[in-house]
Every structure is written in C-alpha cells, then in structure tokens.
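Q: build me a model:
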Amino acid sequence: MDRYPRRLKLGIVFGLGICVFATAAFTLQLPCSLLPAGAAPPLPRSQAGLLLSLVVAGFAQGLTTPLVYELAAELLYPVKEGMSAGILVLLLNASCALLIVGNDLLPPDAMNEIMTATAAACFIAVGLGVREEYRRPVDAVAKRASRSVPAQVAARDARHEAVAAGEEEAGGETLSGGAPSGLTHDVSFVCQTVCQTVAPSS
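A: Now for the predicted structure:
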C-alpha cells in the first residue's frame, strides 16, 4: 500500500462495488419480500451460486477494510490512528446492533435486502461523499513503518544476541527464579507490539 499512497479511495470503491454485486447475487437467489408471495427468485438458486456469492463478498470485505482504516487515519490526521480506528469500530458495532434488533422486527427475507442496500449505500457514500485527502506527512508514515513488527523483531533479535553474549561472559547465569533473561525481553516485546497495535501513534 505504501507504493500506491494516492489510491485508497479507488481501492475502497472497487472493493465495495464487488461486495454490492456479490450480495445482490446472493439476495436475488433467495425469496424476496418485495416480490409477491410464492414468486420465484429472479436468479436460479444453487448451492454453488450461494457459496460463490458469499466467498466473493467476504473477499471484497477483506480487501476493503484495511483501506478504509488507512483513509480514515489520513482524513482525521493529526488525530491518532487509534482514535479513527475506534470510531470505525463504534460505527460497525452500532450497525450490527441495528441489524440484530431488525432481525426480530422485520421479515426474515428482508435481511438480505437490507444487507444489499447497506452495501450499495456505502458504495454511493464513499464514491460521491468522500473527498480523498492525504494529510499525514511522509516522514510520519516512514516513522510508523520503522516501528513495524519486522523492525521490532530485528531489534528484539539484536537484544537477544546481546543478552546471550552477556550470559556467556557471566557463565550462563539466569535471572532470579530460574527464568532466562531472554524470556523477559520476549514478554516486553509482545506487550509493546500489542500496545502499538491497539493504539498506534501517528
């Protein structure tokens, strides 16, 4: 994604378009509440067709989600990336809560149509209502990349080598309680990685 920093919106619109197409194909293979009772679905129904629609929709969602998080971080800069991610998660949970409530109030056939309409609404909203702006400076992106997991793994390995060399000089001594000192560095590394993943700095 760093090779194409100016194409986030295009990727999102492309992924949402695929998602709309797949969810619509899934919905049109099943009974529809908008059609008269007993009417046949517009598309021929088959297990392979339903499965393929779900797989394509899931692929499109996986393609779109990280791009949405990145574009949100760009648009909300200098707010920290953890805040923009938290807002997106809040909106996602709120929409899921509405679907759960609607599942008890609306006919079962209507839920597929609601999902298709929601995907189409997101496609139109992003395509027409979002102005693509990249506010994070290049040095901030480079700084974030320098704190990536591979870089931290390399730093951890260097620390382990230094610790191993120190233990050899000290005759293989370990920390109190018999726990190797490398384990302490592993725990510290995991904690740092989790903290930076949950609330990364801009």
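Q: verify the stated contact: A25 with V55.
A: No. Between A25 and V55 there is no contact under C-beta atoms under 8 Å: 11.3 Å. In this view, the C-beta of every residue, glycine as well, is placed from N, C-alpha and C.
Q: please say which of these two ends up with more neighbours.
A: Taking other C-beta atoms under 10 Å, A25 and V55 do not tie; A25 has more neighbours (18 against 11).
Q: skipping its backbone neighbours, what lies nearest that one in space?
A: S53 (4.6 Å; C-beta to C-beta, 6 or more residues apart in numbering).
Q: quick one, strands of this structure?
A: Here the chain has no strands by DSSP state E.
Q: in the lengthiest helix in it, what's buried?
A: For the chain, the helix with the greatest residue count under DSSP state H is helix 47-76. Of all the residues in helix 47-76, those buried under the rule 16 or more other C-beta atoms under 10 Å are 53, 56-57, 60-61, 63-64, 67-76.
Q: now do it: which elements does it pack against?
A: helix 8-28, helix 81-105 (3 or more C-beta pairs under 8 Å, 6 or more residues apart in numbering; DSSP states H and E).
Q: pull the number of nearby residues for F123.
A: 21.
Q: any low-confidence regions in the protein?
A: 1-6, 36-38, 138-202 (pLDDT under 70).
Q: break it down into its domains, please.
A: In the domain annotation for the chain, the residue ranges read 8-136, 143-198 (automatic domain parsing).
Q: distance of A85 from Y77?
A: 13 Å (C-beta to C-beta, to the nearest Å).
Q: hang on, the earlier thing: of all the helices and strands packed on helix 47-76, which one comes closest to M111?
A: helix 81-105 (6.1 Å; C-beta to C-beta).
Q: in that closest one, what counts as buried?
A: E81, G82, S84, A85.
Q: can you redo the residues you listed as CSV, where the extra columns are distance to K9?
A: Formatted as CSV, the buried residues of helix 81-105 follow (distance: C-beta to C-beta, whole Å):
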residue, distance to K9
E81, 18
G82, 22
S84, 15
A85, 18
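Q: if we can go back for a sec, JSON lines please, covering the helices and strands packed on helix 47-76 and showing distance to A48.
A: Converted to JSON lines, those look like this (distance: least, C-beta to C-beta, whole Å):
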{"stretch": "helix 8-28", "distance to A48": "12"}
{"stretch": "helix 81-105", "distance to A48": "27"}
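Q: out of those helices, nearest to L43?
A: Per C-beta to C-beta, nearest to L43 of these: helix 8-28, 4.3 Å.
Q: in that closest one, what's buried?
A: So for helix 8-28, counting by 16+ other C-beta under 10 Å, buried means 8-9, 11-28.
Q: and if you look at stretch 104-117?
A: A110, N112, E113, I114, M115, T116.
Q: can you check stretch 120-140 too?
A: A120, C122, F123, V126, V130, R136.
Q: and which of the residues you listed is nearest to A97?
A: Nearest to A97 out of these is C122 (C-beta to C-beta; 17.2 Å).
Q: grab the nearest non-local neighbour of the closest one.
A: L16 (5.6 Å).
Q: repeat for N112
A: N112 sits nearest to T27 (C-beta to C-beta, 6+ apart), 4.1 Å away.
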